[in-house]
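Asker: What shape does this take:
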Amino acid sequence: AETRRVRSDDEKRAIIAEASQGYRNASAVARRHGIKPSLLFRWKKQFSAPLAPDSTRAQTSFVPIALALPPPDVAASGSKPHSTIEIEVASGRKLRVAGDVDIGVLKRIVAALETP
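Answerer: Residues are numbered from 1 along each chain as shown. All right, here's what the predicted structure looks like:
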C-alpha cells in the first residue's frame with residue numbers, strides 16, 4: 001500500500017516556486033514530485049492568498065430585536081386589525097381616524113380643529 005507523504009511548508013513553497021516559473025508546465029512539475037496537479041494548485045491557492053488583517057475584514061455583529069405578535073384573533077383570521085384612534089382637542093371636539101392615517105395629514109387636521 002502506498003503511504004501518504006507529509007511535506008513541510010518549505011517543500012511545498014519550493015515546488016510552487018518551481019511550477020510558477022514562466023516556462024514550466026505545472027502538471028509536469030507535479031508529476032516529477034509525485035503529487036497530483038490538483039494538489040499543486042491547491043497549495044498555490046493556499047500560499048498565495050494573503051489573509052486580510054482584522055481591521056479590513058467586515059465586522060459582523062448581532063443586534064437584539066423584539067417583534068410584537070398580533071393579537072390572537074387577528075392572527076387566526078389573517079386580516080389586518082381595524083383600529084381607530086380617537087383624539088379630543090382643546091376645544092372639546094373629538095376626531096376619530098383610522099390607525100394607519102398619515103401623520104402629516106393628521107397634524108393638519110388637528111391644527112385646523114384647534115384654530116378658533
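
Asker: where do the helices sit along this protein?
Answerer: Using DSSP state H, the helices assigned to the chain run over residues 9-20, 26-32, 37-48, 72-77, 103-114.

Asker: Least confident of those helices, on average?
Answerer: With a mean of 58, helix 72-77 has the lowest mean pLDDT of those.

Asker: shouldn't V97 be in contact with I87?
Answerer: Yes - counting by C-beta atoms under 8 Å, I87 is a contact partner of V97 at 7.3 Å. Just so you know, the C-beta spots here come from the backbone N, C-alpha and C atoms, and that holds for glycine as well.

Asker: Among these two, which residue is more densely surrounded?
Answerer: Each of V97 and I87 has its neighbours counted (other C-beta atoms under 10 Å); V97 has more, 16 against 13.

Asker: quick one, what contacts A90?
Answerer: Residues in contact with A90 (C-beta atoms under 8 Å, 6 or more residues apart in numbering) are E114.

Asker: how many neighbours does S91 have?
Answerer: Neighbour tally, S91, other C-beta under 10 Å: 9.

Asker: now do K44
Answerer: Look at K44: counted by other C-beta under 10 Å, it has 17 neighbours.

Asker: isn't it right next to A17, touching?
Answerer: No - using C-beta under 8 Å, K44 is not in contact with A17; the gap is 10.1 Å.

Asker: Pipe the helices of the chain into JSON lines and attach distance to R93 per row.
Answerer: Listed next are those as JSON lines, based on distance: least, C-beta to C-beta, whole Å:
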{"stretch": "helix 9-20", "distance to R93": "83"}
{"stretch": "helix 26-32", "distance to R93": "86"}
{"stretch": "helix 37-48", "distance to R93": "75"}
{"stretch": "helix 72-77", "distance to R93": "30"}
{"stretch": "helix 103-114", "distance to R93": "5"}
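
Asker: Figure out which of the ones you listed is closest to S91.
Answerer: Among these, helix 103-114 comes nearest to S91, with 6.5 Å by C-beta to C-beta.

Asker: Brilliant, that's me finished.
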